[in-house]
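1. Let me see the structure of the following:
(one chain, ligands or ions: 1)
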Amino acid sequence: MNTPLPQSASSQDSGNFFDFLVSCIDPRFTALHTRHMLQLGREGRYSDFSIAGGALAAISHQNPSWPVTLWENLALSMQIHGVNRLVFLGHEDCAAVKQWAQAQPNLRHLPELEWHNAIFTSATAEAQRRFPNLNIQCRVIFLSGDVLHCNCGPANTAQPTSSRMALPASAAIPSSDRQGFVEFIKAAMRSRNTLIRDERRALAIGVTEYGLSASEAREVFFAHTVAHDALPQEKLTDEVTAFLRMRATKQGVVRKADIELAIALVRRRAETSLSRAEADRLVREMMLRENLRPRRLTDMLLGG
Ligand SMILES: [Zn+2]
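-> The predicted structure is shown next:
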């Protein structure tokens, strides 16, 4: 394998990211993975997803459930933890990658690093189709512990998070995908599909099968489902807070439409019936705790 270029990992990093690390299960590397992330100062700032072959799982035809599992877990972690960057971490001498490459006539004679690059390009394209606003990084770690930062391929055109530059999720998604998921939710409601009672599962379908971002799927879900089982207060607060965080810009600004959605959600899912004013107050309190604020006219003029 080629010698990795010396690279200062910390120079590529920033405290604004919460990472979703996808790495292999090879036991020779588990401690190295952790050390790598700690060296980047990522302690408590990343979710860890290990699966045989790492990024290879995202494009696995051999194990069709693996990509679904990966995307579902990523979508959940985006909702729950505020993940905004996906990190594919390949490793030297990966048995799963080698086995896959040997079955690719155009790749099998190339150096190992080229195998990783091919996987990164395909996996990145798959991730971006589903999560257009997600930042993506691709790296390979060596037995020595050195880490090479790779190009994720032509599909990775997302700019590192300047939320002012980023398209709102709804603008980046073809309306046909959104409409497809709306129809799915409506049909499921009509047929009393029990699946739809499992909110997480429904959201995962929006993400994996209709190519929506997690927040987009959530928005559609909330807008098109009727009374659900009530949530205990604490869980309801967690859910709504996660939604507000997700919809907020990096500056902590939340659009009026999203605040309205949050208020509607509180009223729909609360254990006791709440007036609009009460729900409004609860949402304002959640926003205050999270340092979030409604969008003002000046934000709009500044493009926030
Ligand atoms: Zn491996």
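
2. can you pull the contacts of the residue of the stretch 51-200 of the chain at minimum distance from the ion?
-> Ranking the residues of the stretch 51-200 of the chain by distance to the ion (C-beta to the ion) places Cys94 first, at 3.3 Å. Every C-beta, even on glycine, is put in place using the N, C-alpha and C of the backbone. When contacts are counted by C-beta atoms under 8 Å, 6 or more residues apart in numbering, Cys94 touches 24, 26, 53-54.

3. Out of those, who's the most crowded?
-> Gly54 (32 neighbours; other C-beta atoms under 10 Å).

4. would JSON lines of the contacts of Cys94 with distance to Arg247, secondary structure and pLDDT be doable?
-> Conversion of these to JSON lines gives the following (distance: C-beta to C-beta, whole Å; DSSP: H, G, I helix; E, B strand; the rest coil; pLDDT from 0 to 100):
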{"residue": "Cys24", "distance to Arg247": "34", "secondary structure": "coil", "pLDDT": "97"}
{"residue": "Asp26", "distance to Arg247": "38", "secondary structure": "coil", "pLDDT": "97"}
{"residue": "Gly53", "distance to Arg247": "34", "secondary structure": "coil", "pLDDT": "97"}
{"residue": "Gly54", "distance to Arg247": "30", "secondary structure": "helix", "pLDDT": "98"}
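
5. Which parts of the stretch 51-200 of the chain are helices?
-> Chain-ordered helices for the stretch 51-200 of the chain, with DSSP state H, counting those that start in this stretch as the definition, fall at 65-81, 95-102, 112-130, 169-172, 175-190, 199-210.

6. Quick one: closest of those to Ala58.
-> Ranking the helices of the stretch 51-200 of the chain by proximity to Ala58 (C-beta to C-beta) places helix 112-130 first, at 4.0 Å.

7. Dump the helices of the stretch 51-200 of the chain to a markdown table, plus mean neighbour count and mean pLDDT.
-> What follows is the helices of the stretch 51-200 of the chain, written out as a markdown table (neighbours: other C-beta atoms under 10 Å; pLDDT from 0 to 100):
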| stretch | mean neighbour count | mean pLDDT |
| --- | --- | --- |
| helix 65-81 | 19 | 90 |
| helix 95-102 | 17 | 95 |
| helix 112-130 | 21 | 93 |
| helix 169-172 | 14 | 35 |
| helix 175-190 | 15 | 72 |
| helix 199-210 | 20 | 74 |
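
8. Is it possible to get TSV of these that adds distance to Asn16?
-> TSV is the format used below for these (distance: least, C-beta to C-beta, whole Å):
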stretch	distance to Asn16
helix 65-81	14
helix 95-102	31
helix 112-130	19
helix 169-172	18
helix 175-190	27
helix 199-210	23
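
9. What residue in the stretch 201-304 of the chain comes nearest to the ion?
-> Thr208 (23.9 Å).

10. Quick check: closest non-adjacent residue to that residue.
-> Across the structure, with C-beta to C-beta, 6 or more residues apart in numbering as the measure, the residue nearest Thr208 apart from its sequence neighbours is Trp71 (4.7 Å).
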